[in-house]
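**Student:** coordinates only, sequence not included:
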């Protein structure tokens, strides 16, 4: 029997998957969005995650897989999508997705995919990139991953320790409340001076919490977005996006698409980048959470008037933004698009433009 985590925001579809996979004898947990998927996955520690890509919050399916893989090196993954763009397939391949399933599909297809994924050999990976432990209110260690056990080996108590606070001498135990929103330096007992950097989160409803540890002499910036996402405490450095809705960007160049997605996501926003208006319209028809669309003049070309007309017909609630390397502001205004960004633009430029427009 394997442990399988299902992440799907459509309740009926999620329930169907749960019942169908439970019949195979697996232990199933479910989550309704990306944030819940990270929280459940970090504690459930599944063998396999089955997740929709397009989830109705700013943490999409690939985000969940990347975050959980940082602490669970054995994790296998199946990605479900109704929008299989070339970039998504490429990102899925780079994330070692075992199965990539397009909607619609049958229950037998998903069952077969799950069994094939579980039977597939694990990809050889390095140790977990983040040292993570789960502890109770009293400090009892419920789980420590391989990276955390490696850190424990450097201490006097060693990896056989059962209580987290036992790693420290009396009076030197960390105050976890101080590590909720900043890194705390702690010193476990060892035969040499040893420093760790520690972050944690508020306890869950059962009184358990995750603790992340890093060597004091190691790189301090690598993996920070993953840690913030894992702990559910996105810092202002990564969370400037003030809107509930997400943005879709139409851009022909693949490298530019990747850069734009990274830039918006680092600002805390949800972002899709596609190479054509047709793909954008498919997304807008499927995702009610999309609130903004950025259209590149050079990508759309002579079809810009009809593209804007079609987008307005499908989703009149979506705010359109023109975009070009040249100043095409007047061309967009003549077509009823009053917002414009000239390339290159930053996430702050988009945020300020949208904020001013919505405020007016």
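**Tutor:** Done, it's in. Source: prediction; values computed, not measured.

**Student:** For the rest of this, base every contact and every neighbour count on C-alpha atoms.
**Tutor:** Fine.

**Student:** and residue 300, how many neighbours does it have?
**Tutor:** Neighbour count of residue 300, defined by other CA atoms under 10 Å: 19.

**Student:** same check, this time on residue 225
**Tutor:** Neighbours of residue 225 under the rule other CA under 10 Å: 17.

**Student:** Same question for residue 163.
**Tutor:** By other CA under 10 Å, neighbour count at residue 163 equals 14.

**Student:** Tell me how far it lies from residue 341.
**Tutor:** Distance of residue 163 to residue 341, given as CA to CA, to the nearest Å: 55 Å.

**Student:** Show me where the protein has its helices.
**Tutor:** Shown for the chain, the helices assigned by DSSP state H span residues 11-22, 34-44, 61-69, 86-94, 107-119, 146-152, 224-231, 254-266, 277-286, 297-300, 304-314, 329-334, 347-359.

**Student:** Save those helices as JSON lines, and put in distance to residue 1 and mean pLDDT too.
**Tutor:** Compiled in JSON lines, those are given as follows (distance: least, CA to CA, whole Å; pLDDT from 0 to 100):
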{"stretch": "helix 11-22", "distance to residue 1": "10", "mean pLDDT": "91"}
{"stretch": "helix 34-44", "distance to residue 1": "14", "mean pLDDT": "95"}
{"stretch": "helix 61-69", "distance to residue 1": "20", "mean pLDDT": "90"}
{"stretch": "helix 86-94", "distance to residue 1": "26", "mean pLDDT": "64"}
{"stretch": "helix 107-119", "distance to residue 1": "10", "mean pLDDT": "93"}
{"stretch": "helix 146-152", "distance to residue 1": "23", "mean pLDDT": "96"}
{"stretch": "helix 224-231", "distance to residue 1": "27", "mean pLDDT": "83"}
{"stretch": "helix 254-266", "distance to residue 1": "36", "mean pLDDT": "83"}
{"stretch": "helix 277-286", "distance to residue 1": "35", "mean pLDDT": "90"}
{"stretch": "helix 297-300", "distance to residue 1": "50", "mean pLDDT": "87"}
{"stretch": "helix 304-314", "distance to residue 1": "45", "mean pLDDT": "92"}
{"stretch": "helix 329-334", "distance to residue 1": "57", "mean pLDDT": "93"}
{"stretch": "helix 347-359", "distance to residue 1": "45", "mean pLDDT": "89"}
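
**Student:** Just put the ones you listed in TSV and tack on distance to residue 176.
**Tutor:** TSV is the format used below for the helices of the chain (distance: least, CA to CA, whole Å):
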stretch	distance to residue 176
helix 11-22	36
helix 34-44	19
helix 61-69	22
helix 86-94	36
helix 107-119	37
helix 146-152	17
helix 224-231	13
helix 254-266	27
helix 277-286	42
helix 297-300	51
helix 304-314	50
helix 329-334	52
helix 347-359	34
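
**Student:** With respect to residue 244, which of the ones you listed lies nearest?
**Tutor:** Proximity to residue 244 (CA to CA) singles out helix 347-359 among the helices of the chain, at 12.2 Å.

**Student:** and the closest residue to residue 269 other than its chain neighbours, what does it touch?
**Tutor:** Once flanking residues are discounted, residue 269 sits nearest to residue 241: 5.2 Å by CA to CA, 6 or more residues apart in numbering. Shown in contact with residue 241 (CA atoms under 8 Å, 6 or more residues apart in numbering): 267, 268, 269, 351.

**Student:** can you redo those as JSON lines with neighbour count and distance to residue 283?
**Tutor:** Listed next are the contacts of residue 241 as JSON lines, based on neighbours: other CA atoms under 10 Å; distance: CA to CA, whole Å:
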{"residue": "267", "neighbour count": "20", "distance to residue 283": "21"}
{"residue": "268", "neighbour count": "23", "distance to residue 283": "20"}
{"residue": "269", "neighbour count": "25", "distance to residue 283": "16"}
{"residue": "351", "neighbour count": "18", "distance to residue 283": "21"}
